[in-house]
Structures are given as structure tokens and as C-alpha cells.
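S.K.: Can you look at this prediction? I've put the sequence above it.
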Amino acid sequence: MEALIIVDVQNDFAKPGGALYFPGAERVISPILELVKEFRENRLPIIYTRDWHEDNDYEFGIWGVHCLHDTKGSEIVDELKEALKGYERAFEVKKSRYSAFYGTNLEFLLKELGITKVHIVGLVTHICVLFTVEELRNREIETIVHSNCVDSFDKEMHKFALREMEEVLLAKVI
Ligand SMILES: [Zn+2]
């Protein structure tokens, strides 16, 4: 079974004014919506992650305050919310570290759903996407990275991460 994993497409990353927004981040939204449509039509699971931090989280020392619990910034962007509305095979995973596996039920969820192949998209390429792909690799789950649906504030690191995922983590980058 295939699933779509959408990493951290939240206001704080993808919308102007967001705590860690970078110009152009919103460009991933519309190709991601196309994939959502396709997965919905095929009745395939869609898992979306939300970076989610408690007050004074350790990560704020690195990135400043972002995706604080129960704030507008931590919500997924409206377009995605709309696209997922009423879909019973959409699953939310709240995460507080780069990897979507760390301290979450993602592993359990993938097992329950019988997922053997993952399409991954979202923000940002060289941090949360990369560290999640590394964990998919550890679990021998076939992974496809949609390069038009991922981006980073640092274009060199973005390119590095795509290469790393393709050459070292054996993901398919399309
Ligand atoms: Zn964070």
C-alpha cells in the first residue's frame, strides 16, 4: 500500500509572516494539492505532520519560537486543510523534532495501514524531510521524493539533501 506523507506544510513555514517562512515556500503548496487530489481519488492514506512545540522547547534555541502549540502558525495551511476536509484516510502526526518518527505514532500508523511505499513532500528539504526519509530507509520502506513539492531556505542545502536522499538513502527523487 502506498501513502503520501506531507511534512510540516504549516503557516509558520509556508505563509508570509510565518516564523520560519522563506520567500517562495508557498510554491510547494499547489503541486502538493495535486498529489492530495490524486491520493484521495485512489482512496490512499495521506499522513500530514505538524511541527508542534511546547513552551520553551529546546528547539527554540536553534530556530527561535515557531510552531508553538495551539497557535495559528502551527496550523496546516488553509489550502491543505480544505483539500483534506472530510477525508477519512487523512492522519495527523504531531512532531517536536526533525524526524516525523521521533516520539510519534508514525511507525505504528504505517504498520497498521500496511504501507510499503511512501511519497514524501513538504518543508524543508534538508531538515524534516531529510531526517524522515532517513528513518524510512531504516525501515526499508520504498520512498519517492517529489522534488517540485519540497524546498528549503538554503538552496545549496536543498540540493545537497536531494542528492543525499537519492545517493545515500536510495530514495527515488522525481
Ligand atoms: Zn520545530
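M.R.: Everything's here; your move.

S.K.: for this structure, what spans make up the strands?
M.R.: Using DSSP state E, the strands of the chain run over residues 2-7, 46-51, 90-95, 117-123, 142-151, 172-173.

S.K.: what pairs with the fourth one, and is each one parallel or antiparallel?
M.R.: Using DSSP bridges, the strands paired with strand 117-123 are strand 2-7 (parallel), strand 142-151 (parallel).

S.K.: so what's whichever residue of the chain sits closest to the ion bridging to?
M.R.: Nearest residue of the chain to the ion, counting by CB to the ion: Asp51, 4.1 Å away. Where C-beta positions appear, they are placed from N, C-alpha and C, glycine not excepted. Asp51 forms beta bridges with Lys95, as assigned by DSSP bridges.

S.K.: gap between it and Lys111?
M.R.: As defined by CB to CB, to the nearest Å, Asp51 lies at a distance of 23 Å from Lys111.

S.K.: These two: who's more crowded?
M.R.: Neighbours around Asp51 and Lys111, counted as other CB atoms under 10 Å, are more numerous at Asp51. The numbers are 27 against 11.

S.K.: wait, what's in contact with that one?
M.R.: Residues in contact with Asp51 (CB atoms under 8 Å, 6 or more residues apart in numbering) are Asp8, Gln10, Asp12, Phe13, His66, Cys67, Ser74, Lys95, Ser96, Cys128.

S.K.: who's in contact with the fifth one?
M.R.: So that's His66. Asp12, Phe13, Gly18, Ala19, Leu20, Asp51, His53, Phe60, Gly73.

S.K.: Give the ChimeraX command for selecting the buried subset of these.
M.R.: Here is the ChimeraX command that selects only those of these that count as buried (16 or more other CB atoms under 10 Å):
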select :12,13,18,19,20,51,53,60,73
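
S.K.: And the contacts of His66, which is closest to Leu80?
M.R.: The closest of the contacts of His66 to Leu80 turns out to be Phe13 (CB to CB; 11.8 Å).

S.K.: Nearest residue to the closest one in space, ignoring adjacent ones along the chain?
M.R.: Distance criterion CB to CB, 6 or more residues apart in numbering; nearest residue to Phe13, sequence neighbours excluded, is Leu123 at 4.5 Å.

S.K.: same deal with Leu35?
M.R.: Per CB to CB, 6+ apart, closest to Leu35 is Leu4, 5.8 Å.
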